[in-house]
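Asks: Quick one: sequence and predicted model below, then my questions.
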Amino acid sequence: MRRLLLALVLGFVSSPAQAQAVCPGHMATITASSTGGFALCPSTTDVDGDVVPLTGYYTSCTVIATWSPGKTATAIITAPTPGTVALVSFPAAKGLGAATGSCTNADGAVSAVASSVVTFRRGLPVKPSMSP
């Protein structure tokens, strides 16, 4: 199937003191916004529990969305800030799907994968037609 590259990545930055407060915990299921978007939040600690620096720690985060029938799209967030939410949007995704996300640090180590079921928007129906 054709790979969709319609992923739109938007990030918004809050101050470091507020960053911890806006990062949600991982949810088992996500309902995407009307634009097909949901949040990804790079961790502020490493696997040992040590706090990571706000700059230069992550080189990127990758989010892969899948939805039926067999469609996928990928979004890459470059130089994400730990503890700061990035809104990842897949406007072409519709209906029930899934998303996985992982982040890579400056040493090339990849984090464990976070995954969730996602319900993407269904879109507006087209105008019906009638035949004589």
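Replies: Structure received.
Asks: Check which helix or strand Cys61 maps to.
Replies: Using DSSP states H and E, the element containing Cys61 is strand 58-67.
Asks: got the buried residues for the helix or strand following that strand?
Replies: The helix or strand immediately downstream of strand 58-67 is strand 71-78, counting by DSSP H and E. Buried residues in strand 71-78, counted by 16 or more other C-beta atoms under 10 Å: 71-73, 75, 77. Any C-beta I mention is one placed from the backbone N, CA and C, and that applies to glycine too.
Asks: Any chance of CSV for those, columns pLDDT and distance to Ala86?
Replies: Shown next, in CSV, are the buried residues of strand 71-78 (pLDDT from 0 to 100; distance: C-beta to C-beta, whole Å):
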residue, pLDDT, distance to Ala86
Lys71, 95, 22
Thr72, 96, 19
Ala73, 95, 15
Ala75, 94, 9
Ile77, 94, 5
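Asks: and which of those residues is nearest to Asp50?
Replies: Closest approach between these and Asp50, by C-beta to C-beta: Ile77, at 22.1 Å.
Asks: roughly how far apart are that closest one and Gly108?
Replies: 17 Å (C-beta to C-beta, to the nearest Å).
Asks: now the helices for this protein?
Replies: Assigned by DSSP state H, the helices in the chain fall at 16-22.
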